[in-house]
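Asker: Sequence and predicted structure are below.
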Amino acid sequence: MGIWVLSTKKGTRFHKRLGYTYAVSMLMVNATAFGIYRLMHTFGPFHVAALISLATLIAGLVPAMRKNRKPDWMLHHLSYMYWSVIGLYAAFFSEMAVRLRIPAAFGMLVFAATGITVLVGFIGHRYLMKKWSRS
């Protein structure tokens, strides 16, 4: 979904509806993440990831929803929404790693999946920030 949203025309009714649909979906995903205690039987790294996801989502929505927008609002909106999607991808790849069911490598697989996704996201973010800053 993330790459497709990047290709839609910004500021249109369709873009806004798609964005609100994404935001509501992510809020539901984050809310359900706090119900996961079976894995570690306590507050764990997935809960921390849900908090980070929630923070990036809110930080991405607020600049776009403000009535009195600051001059650099769009750069903040793009950047935080980008990281929200990267977090979603990291969660996806971590979940895929968990599904491999290799108990001895569980932590390493989740860490590697998340780390590689974030690293690729960081490289992409550096490139896109240069592009977005010129716009």
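Answerer: The structure has been received and is ready for your questions. Numbers count the residues shown, from 1 in each chain.
Asker: Give me the outermost residue of the protein relative to its centroid.
Answerer: residue 104 (27.9 Å; C-alpha atoms, centre = their mean).
Asker: Name the SS class of that residue, please.
Answerer: Under the three-state scheme (DSSP: H, G, I helix; E, B strand; the rest coil), residue 104 adopts helix.
Asker: Could you do residue 71 as well?
Answerer: Assignment for residue 71 (three-state DSSP): coil.
Asker: in stretch 35-54, what's buried?
Answerer: Residues of stretch 35-54 classed as buried by neighbour count (16 or more other C-beta atoms under 10 Å): 46, 47, 49, 50, 53, 54. In short, each C-beta sits where N, CA and C put it, glycine included.
Asker: Let's test this: mean pLDDT of that stretch, rounded?
Answerer: Averaging pLDDT along stretch 35-54 gives 82.
Asker: Distance from it to the middle of the chain?
Answerer: Centre-to-centre, stretch 35-54 and its host chain are 15 Å apart (C-alpha atoms, centre = their mean, to the nearest Å).
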